[in-house]
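> have a look; sequence and predicted model below, questions after that.
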Amino acid sequence: MVAPVVVSMGDPAGIGPEIVVAAVMERPDWLERLVVAGDAATLERAARVVAAVRDQAAPAIVGVQSPGDVTSPAGLRVWQVCDPQPPVVWGFVQPEAGRMAARCIRAAAAAALSGQVRALVTAPIHKEALSLAGEPWPGHTEMLQALAAGHLGCPVADLPVRMMLSEPHLRTVLVSIHVSLREAIEAVTTDRVLETLLITDRHFLRFGGRRARIAVAGLNPHAGEGGLFGREEADIIAPAVERARAQGLDVQGPFPPDTVFMRARQGAFDVVIAMYHDQGLIAVKLLGLDHGVNTTLGLPFVRTSPDHGTAFDLAGTGRASPASLLAALEAADQASGPVA
């Protein structure tokens, strides 16, 4: 029997539950391959609004006792990890929604770490709701890193992770994630850039079977223009590139950040290392928000997510597109492969 992919339902006040339902309505073959870590009442409400908008029958919501329970009747399997309660109000930041989202993440991550599932796909959460719920992490990536480190019994610093955003024609890996721009600039160190290169290379070797052709973006306009616009390229980034090349990596740069993403899209590189969050994400989201996928590199399990947020303005309408979630499911499926 093939182990399932677990989907954490995300913030119940957002579109996460609805896009999960919409995804299996568009792709019924996923009903047999996934289980949702969430709340049955929340998924049932989502199923009603999505079915009404699409004018088709909603999948049955089937409660299961564990993520590996495949003996249940046909339908969307929901592993009840939240305390049963009336669904939260759609479209608002709420501490209870943050608590439910966090509980789903914890349960799903534990299932992935124990091998009960072969991959984790996370539906969107709201970072403010997570904070109001008392959670110390700014997002999924940091929370999953801490949970994995705790499971492995090592300090978080010993399990470095990176965020890779991709759409069909472009991939980018970020040197820093959810920090201020000032902190992001300070995070551009030779060691951190080198660590990002090594994590990226290991990911491609593990899941792609070959070394990636890696391009490194500069930090400053025109990649510093020979030091006229900043010395970070020459003093920090280039030494990291040279150290990576000495270890056998196929890496070039630093290149001007205003053209390197275009070159990668045209096929010159497999992935671009971006120096900070928005430098990489603006390029990917401009090209394909509907099919964007977020992959966490460095975890001991496969984790992907759609490349969008909770979309409170669409919550409860049943009209949110599941395209990015379906892309995340396919990416997780390809990366994890069948596990007996």
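Done, it's in.
> now Pro84: phi and psi?
For Pro84, the backbone dihedrals (degrees, to the nearest 10) come out as phi -60, psi 130.
> can you give me the distance of the residue of the chain positioned farthest from its centre to Val188?
Farthest-out residue of the chain from its mean C-alpha position, per CA atoms, centre = their mean: Leu228, at 36.7 Å. For Leu228, the distance to Val188 equals 18 Å [CB to CB, to the nearest Å]. Just so you know, the C-beta spots here come from the backbone N, C-alpha and C atoms, and that holds for glycine as well.
> ok, Ile273 next?
Ile273 is 11 Å from Val188, by CB to CB.
> of these two, which one has the most company?
For Ile273 versus Val188, the count of surrounding residues by other CB atoms under 10 Å is larger for Ile273: 29 against 19.
> surely that one forms part of a strand?
Yes: membership of Ile273 in a strand is supported by DSSP: H, G, I helix; E, B strand; the rest coil.
> ok, now which ones touch it?
172-173, 175, 193, 196-197, 200, 214-217, 253 (CB atoms under 8 Å, 6 or more residues apart in numbering).
> just these: which are in strands?
The strands, defined by DSSP state E, take in 172-173, 214-217, 253 from these.
> which element is Thr296 on?
According to DSSP states H and E, Thr296 maps onto strand 293-297.
> can you list the strands that the following helix or strand past that strand pairs with?
The element immediately downstream of strand 293-297 (helix or strand, assigned by DSSP H and E) is strand 303-306. Here strand 303-306 has these sheet partners by DSSP bridges: strand 119-122 (parallel), strand 293-297 (antiparallel).
> export those to a markdown table and tack on distance to Leu31, mean neighbour count and mean pLDDT?
Formatted as a markdown table, the strands paired with strand 303-306 follow (distance: least, CB to CB, whole Å; neighbours: other CB atoms under 10 Å; pLDDT from 0 to 100):
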| stretch | distance to Leu31 | mean neighbour count | mean pLDDT |
| --- | --- | --- | --- |
| strand 119-122 | 14 | 28 | 97 |
| strand 293-297 | 21 | 24 | 94 |
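> now those strands in a markdown table, with distance to His222?
Listed next are the strands paired with strand 303-306 as a markdown table, based on distance: least, CB to CB, whole Å:
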| stretch | distance to His222 |
| --- | --- |
| strand 119-122 | 37 |
| strand 293-297 | 28 |
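> element containing Phe261, please.
Judged by DSSP H and E, Phe261 forms part of helix 257-265.
> what comes up buried for that helix?
257, 260-261, 264-265 (16 or more other CB atoms under 10 Å).
> pick out the most distant pair among these.
Pro257 and Arg265 (13.7 Å; CB to CB).
> rewinding a little: looking at the contacts of Ile273, state which has the most neighbours.
Val216 (29 neighbours).
> just the pLDDT for the closest residue to it other than its chain neighbours.
Excluding its sequence neighbours, the residue lying closest to Val216 (CB to CB, 6 or more residues apart in numbering) is Gly253, at 3.2 Å. The model reports Gly253 with a pLDDT of 95.
> over to the one 4 residues further on?
As summarised for this prediction, Pro257 has a pLDDT of 95.
> roughly how far apart are the nearest residue in space to it that is not next to it in sequence and Gln252?
Leaving aside its sequence neighbours, Pro257 sits nearest to Ala217 (CB to CB, 6+ apart; 4.1 Å). Separation of Ala217 from Gln252 (CB to CB): 11 Å.
> any low-confidence regions in the stretch 201-340 of the chain?
Residues of the stretch 201-340 of the chain meeting the criterion pLDDT under 70: 289, 337-340.
> rerun that using 80 as the cut-off
Low-confidence segments of the stretch 201-340 of the chain (pLDDT under 80): 208, 224, 288-290, 336-340.
> which parts of it are helices?
232, 238-246, 257-265, 277-288, 323-336 (DSSP state H, counting those that start in this stretch).
> can you list contacts of the fourth one?
Identification of contacts with helix 277-288 by CB under 8 Å, 6+ apart yields 165-174, 176-179, 181, 184, 217, 257, 261, 265, 272, 274, 292, 307.
> which of those residues are buried?
165-167, 170-174, 176-178, 184, 217, 257, 261, 265, 272, 274, 292, 307.
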